[in-house]
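Chemist: below are the sequence and a predicted model for it; my questions follow.
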Amino acid sequence: MTKSAEQLKQLSIKEFTKAAQVYESDHAGIYEICKDDYPQMLEELQSESFEDVLDVGCGTGAVLELLHGEYPEKRLTGLDLTPRMIEVARAKQLENVRFIVGDAEALPFESRSFDAVLCSNSFHHYPHPEKFFSEAARVLRPGGRLILRDYTSNDFVVWLMNSLELPLARLMGHGDVRICKVSELRTLTEGARLFLLKLETQKGFRAHLVARKE
């Protein structure tokens, strides 16, 4: 039986409510792989100047905590669908960093609010990825960038993931929705009227995407 978008989001909330307490520990299990994306995200972000950054699917705020350590004066915002994740992030009490419970497909921010939107390893949990791209484009300032890292591979491996691995993961209580092919990421970028700067398939079954709002 196909799950609705709301049911899929509730699965993600249930999954990450459990994961919140161990997410940044050495016992995070499958979530430890997320740490591998942090250096690439920050290196890409730091290649240009910025003041306001939004991390969508921020989890416990690990990326923003690293960024705050280098740039304590910057205005940083983290958004996550799971309230417990945001509770853990807020407990860090990082100055100039705000953490908000919210939906990646309906961002609760004014248009043209951010110089960069980050999204690391949560994109495959979004039932309507085109809505996220549209929202990211809306909240970016002209010249701002979307920096996204998520799972991908060649078309056959992506088909296997979506046909076998992810349905099994959902049966086990995970909120994974769908892995996008590189060609689909390109189409989503174009549909949001963003200019694609970089789209690479990197090691670890990762897509690395950078797009600019013109």
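Modeler: That came in fine, so what should we check first?
Chemist: hey, let's count contacts and neighbours off CA atoms from now on
Modeler: Fine.
Chemist: can you pull the buried residues of the lengthiest helix in the chain?
Modeler: In the chain, assigned by DSSP state H, the helix with the most residues is helix 5-19. For helix 5-19, burial by neighbour count (16 or more other C-alpha atoms under 10 Å) applies to Leu8, Lys9, Gln10, Leu11, Ser12, Ile13, Lys14, Glu15, Phe16, Ala19.
Chemist: ok, those residues vs Met161, which is closest?
Modeler: Leu8 (16.8 Å; C-alpha to C-alpha).
Chemist: that older thread, redo the buried residues of helix 5-19 as a markdown table? Include distance to Ala211 and pLDDT.
Modeler: Below are those laid out as a markdown table (distance: C-alpha to C-alpha, whole Å; pLDDT from 0 to 100):
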| residue | distance to Ala211 | pLDDT |
| --- | --- | --- |
| Leu8 | 27 | 89 |
| Lys9 | 26 | 92 |
| Gln10 | 29 | 90 |
| Leu11 | 29 | 88 |
| Ser12 | 26 | 90 |
| Ile13 | 28 | 91 |
| Lys14 | 31 | 88 |
| Glu15 | 30 | 85 |
| Phe16 | 28 | 83 |
| Ala19 | 30 | 79 |
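Chemist: out of those residues, which is nearest to Asp155?
Modeler: Of the buried residues of helix 5-19, the one sitting nearest to Asp155 (C-alpha to C-alpha) turns out to be Leu8, at 23.6 Å.
Chemist: is it true that Ala89 touches Arg98?
Modeler: No - with contact defined as C-alpha atoms under 8 Å, Ala89 and Arg98 do not form a contacting pair (9.0 Å).
Chemist: more crowded one of these two?
Modeler: Ala89 (25 against 18; other C-alpha atoms under 10 Å).
Chemist: list the helices and strands the helix or strand containing the more buried one packs on?
Modeler: Following DSSP states H and E, one finds Ala89 within helix 83-90. When contacts are defined as 3 or more C-alpha pairs under 8 Å, 6 or more residues apart in numbering; DSSP states H and E, helix 83-90 packs onto helix 5-19, strand 97-101.
Chemist: quick one: that helix to strand 97-101, angle?
Modeler: Note on geometry: by axes from the mean of the first three to the mean of the last three C-alpha atoms, to 10 degrees, helix 83-90 and strand 97-101 are set 170 degrees apart in direction.
Chemist: any chance you could list what contacts the longest strand along the chain?
Modeler: Longest strand in the chain, counting residues (DSSP state E): strand 140-151. With contact meaning C-alpha atoms under 8 Å, 6 or more residues apart in numbering, strand 140-151 is reached by 37, 41, 44-45, 111-124, 136-137, 179-180, 205-214.
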